[in-house]
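Trainee: A structural model of the following input is requested.
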Amino acid sequence: MTEEPRRPIFWFLWPAPKTAVDSQYQQVRMIRLPARGPWRLALLVGATLLIIMLGGVALMGSAGAGPIPVLITGAVLASALLILLRGWSTGTYVNDAGFAIRRMFISHIEPWANLVGFDRTGERIVLHLTDGSTIKTGIAKNSLDTWLRPSAYDAAAIAFENWSGKN
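Mentor: Numbers count the residues shown, from 1 in each chain. Have a look, this model is predicted:
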């Protein structure tokens, strides 16, 4: 008689894979290169906490003044929140289909087929596309993700090279 293995207490947190992974597997989720560094995390977490604290105080303070101050305060808070959320999503992302360079106010999303090559000679990785344009990535020696961590820059640059297939 075969006995099934015991389930862990929190079994729903680790579901069993539904299918076997084979050579046809495609990475569709975008992966950030490099991961957010300590400087960027400190800045973003601090700004998030500041908006939460000041936003609550500002809304409560303006609530008794009437609808116009509440609307103005809400609009200012919504704008600050949108800028903060965009700050959380900036960076260089890759997957099997292509790459995305997300900045505060603009994004470049391209398939790998549009990438002719890239330069890693300077302080930043610069991409060269088939249409002749160049794009500066967020993978740089002095970015908030890699500042004072040269190995993080090297690891991210090597990972980008591996994803692109243009070694």
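Trainee: So Val126 sits against Phe118, correct?
Mentor: Yes. Counting by Cβ atoms under 8 Å, Phe118 is a contact partner of Val126 at 6.3 Å. (C-beta placed from N, C-alpha, C; glycine too.)
Trainee: residues of the biggest helix by length in the chain that come out buried?
Mentor: Scanning the chain for the longest helix, with DSSP state H as the assignment, gives helix 38-63. The neighbour-count check on helix 38-63 (16 or more other Cβ atoms under 10 Å) flags 40, 44, 51, 55, 58, 62 as buried.
Trainee: Heading C-terminal from it, find the next helix or strand.
Mentor: As assigned by DSSP states H and E, the chain's next helix or strand after helix 38-63 is helix 67-89.
Trainee: Quick one: low-confidence residue ranges for this protein.
Mentor: 1-5, 16-21, 167 (pLDDT under 70).
Trainee: and if we set it to 90?
Mentor: Applying pLDDT under 90 to the chain flags residues 1-28, 56, 59-67, 69-70, 120-123, 165-167.
Trainee: Let's check: the centremost residue of it is which one?
Mentor: Ser89 (4.3 Å; Cα atoms, centre = their mean).
Trainee: Next, the contact list for that residue, please.
Mentor: Arg102 (Cβ atoms under 8 Å, 6 or more residues apart in numbering).
Trainee: same thing but 10 Å
Mentor: By Cβ atoms under 10 Å, 6 or more residues apart in numbering, the contact set of Ser89 is 32, 100, 102-104, 107.
Trainee: Okay, and which of the residues you listed map to strands?
Mentor: Cross-referencing those against strands under DSSP state E gives 32, 100, 102, 107.
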